[in-house]
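**Student:** with the sequence up front, the predicted model follows.
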Amino acid sequence: MNGRNRNLTIETGSAGATEPTPFGRVSGRKGRSRVNWVLALSTVPGAAIVMLFALGALMSTEACSGRQCSNLGVGGIDFGVLFYGAPAVALVVMLVSVFSAKRRGGIAVPLFGWALLVADVALLAVTVAR
């Protein structure tokens, strides 16, 4: 009740489970799930960038022959694994995130996927460095 309108009542207390939190903030389990899914979904364009980097690295070695680029490559790692591994990582991150997104440690899945994508780029850079 207030001074102008005697029939108006204002409830106090915390918001229920179905009511939004003030200022659009997301807290707790729902917030972790959203951050997890944003990171997991961002591995898809990340994998596309890794594949573009791999194609650029491969094209930069096109004119190399055995004598010109004798120090090219680290050895033991197939280019196909580095190239097709990036979308496979993104797919596995998405599939595993379906089950782990709402769990407390579920954020480790997309973070590990991003670490693999970064390692893929680093390995490609070392492999084609002259």
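**Tutor:** Thanks, I have it. As the structure is a prediction and not an experimental result, all values here were calculated from the model. Numbering: from 1, shown residues only.

**Student:** next secondary structure element downstream of the lowest-mean-pLDDT helix or strand in the chain?
**Tutor:** In the chain, the helix or strand scored least confidently by mean pLDDT, DSSP states H and E is helix 28-60, which has a mean of 86. Using DSSP states H and E, the helix or strand that follows helix 28-60 in sequence is helix 79-100.

**Student:** which parts of that next one are buried?
**Tutor:** 82-83, 85-86, 89-90, 93-94, 96-97, 100 (16 or more other CB atoms under 10 Å). Where C-beta positions appear, they are placed from N, C-alpha and C, glycine not excepted.

**Student:** for stretch 45-54, same thing?
**Tutor:** The neighbour-count check on stretch 45-54 (16+ other CB under 10 Å) flags 46-47, 50-51, 53-54 as buried.

**Student:** cool, stretch 107-120 as well?
**Tutor:** Buried residues in stretch 107-120 (16+ other CB under 10 Å): 107, 109-110, 113-114, 116-117, 120.

**Student:** among those residues, which ones are in helices?
**Tutor:** If you go by DSSP state H, these have 109-110, 113-114, 116-117, 120 in helices.

**Student:** relative to Gly31, which of these is nearest.
**Tutor:** Distance to Gly31, by CB to CB, is smallest for Pro110 among those, at 14.8 Å.

**Student:** once you drop chain neighbours, what's closest to that closest one?
**Tutor:** Spatially, and ignoring its direct neighbours in sequence, Pro110 is nearest to Leu39 (3.6 Å; CB to CB, 6 or more residues apart in numbering).
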